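# sequence and predicted structure are below.
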Amino acid sequence: MPKMINNPQRVVDEMLHGFYKCHSDRIAKTRHPRVFVRRGRKSRTPRVGIVSGGGTGHLPAFIGYVRKGMIDAVAVGNLFEAPSAEVFLEAIRQADQGEGVLCIHGNYPLDNRCVGEAVRLARLEGIRVEHVCANDDVATIAEDGDRSASRGLAGEVLLWKIAGAASMAGKSLEEITDLCRRANLNTRSIGVAFAACIRPEVGVPNFEVVEGTMEFGIGHHGDPGLSSYKMRPANEIADLIMEKLLAVYPEGEEASVTVMVSGLGATTQMELYILYNRIADILKARGIRTSQSFVGNYFTSLDMQGVSVTLMKMDEELERLVAVDAESLLG
């Protein structure tokens, strides 16, 4: 697939230059070229700073959520590669207003190491900092339910929304950390791909999707699925996805959920709404109330053709925070 780029080795830097020129009214540069902050993040009443970051290739994540009610500072890495500890540390410094900082990141080995080191160094500097690791991918949850090795998917976007709203409401670092950990435990996601993404510096698909099939349980870093299925109509794809996600909800249990249907980069809005149409019907048939719905490209994987679906089980406090208005690159 042709790509509108210049030098494949400079795609991240050139993208960041263009992003800043377009959105400089709402984001600001820092002394580190891979750290950006939200303009107006510092208020008269100090509050907890919210930080996130990760590899490039997921737009609008991560930098597209440096907005009011979401992230205060972001650490930007290379394509599908975690930012260094130095970059995360600078983002933590920039977000600190004296009330502490929460860093939210995906559960990937390099991200974990870099965030862990950044948190250690920030604490040595006297910054109160905690971190929450998003691990909502049900395809990588162990058979015994252990999520310690489970990847992060688009559920992380909802964690940013909850953390941002809680921070704006003046909640403490401890309260926001507990909220995000509870929300993470309540979140399940799964990804499906019909065609792999192509990294500009490589020029070929990350993996092969056999014609007429789809990959079930893909990762956001261009990872292949854990199983393959024959391609089928949208309603049957939704059935497969929801069977996996709803396995954690006992029949007859009263529940409400927030739903996120995110394209992976090359999937049309039309397809996403067709899929959501069936998802909404399945939830209604199960007696599960839909609290909030988000359909769009929220967390992509370059030009991968496919979708990730996220369910976050709500309680009264989480429902209230998810409903708070927030800004993003999407509006």
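Thanks, I have it.
# so how far is residue 181 from residue 127?
Distance of residue 127 to residue 181, computed by C-beta to C-beta, to the nearest Å: 20 Å. No exception for glycine: its C-beta is placed from N, CA and C like everyone else's.
# between the two, who's got more neighbours?
More crowded of residue 127 and residue 181, by other C-beta atoms under 10 Å: residue 127, with 18 against 14.
# shouldn't that one be within a strand?
No: in this structure, residue 127 is coil, not part of a strand, as judged by DSSP: H, G, I helix; E, B strand; the rest coil.
# who touches it in this structure?
92-93, 96, 100-101 (C-beta atoms under 8 Å, 6 or more residues apart in numbering).
# just the residues you listed: which are in helices?
Members of these lying in helices (criterion: DSSP state H): 92-93.
# so which of the contacts of residue 127 wins on neighbours?
residue 92 (29 neighbours).
# does that one really touch residue 73, like I thought?
Yes: here residue 92 lies in contact with residue 73, judged by C-beta atoms under 8 Å, at a distance of 7.5 Å.
# what sits against residue 264?
Contacts of residue 264 were listed using C-beta under 8 Å, 6+ apart, and they are 191, 193, 197, 218, 220, 297, 300-301, 304-308.
# show me the two of the contacts of residue 127 that sit farthest apart.
Greatest spatial distance in the contacts of residue 127: 93 and 100, 12.6 Å, computed using C-beta to C-beta.
# any chance of the contacts of residue 127 in CSV with pLDDT and distance to residue 140 as columns?
CSV is the format used below for the contacts of residue 127 (pLDDT from 0 to 100; distance: C-beta to C-beta, whole Å):
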residue, pLDDT, distance to residue 140
92, 98, 27
93, 98, 32
96, 97, 33
100, 98, 30
101, 98, 28
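# between the contacts of residue 127, which sits nearest residue 209?
residue 92 (38.8 Å).
# from residue 100, how far off is that closest one?
Distance, residue 92 to residue 100, by C-beta to C-beta: 10 Å.
# mutual contacts of the two, please.
Residues touching both residue 92 and residue 100 by C-beta under 8 Å, 6+ apart: 49, 127, 129.
# which of those sits closest to residue 269?
Once C-beta to C-beta is applied, the member of those that ends up nearest residue 269 is residue 49, at 33.3 Å.
# is that closest one in contact with residue 73, as I believe?
Yes: in terms of C-beta under 8 Å, residue 49 counts as a neighbour of residue 73; the distance is 6.8 Å.
# any common contacting residues for those two?
In contact with both residue 49 and residue 73: 41, 92, 94-95, using C-beta under 8 Å, 6+ apart.
# which two among these are spaced furthest apart?
Farthest apart among these by C-beta to C-beta are 41 and 92. That separation is 13.1 Å.
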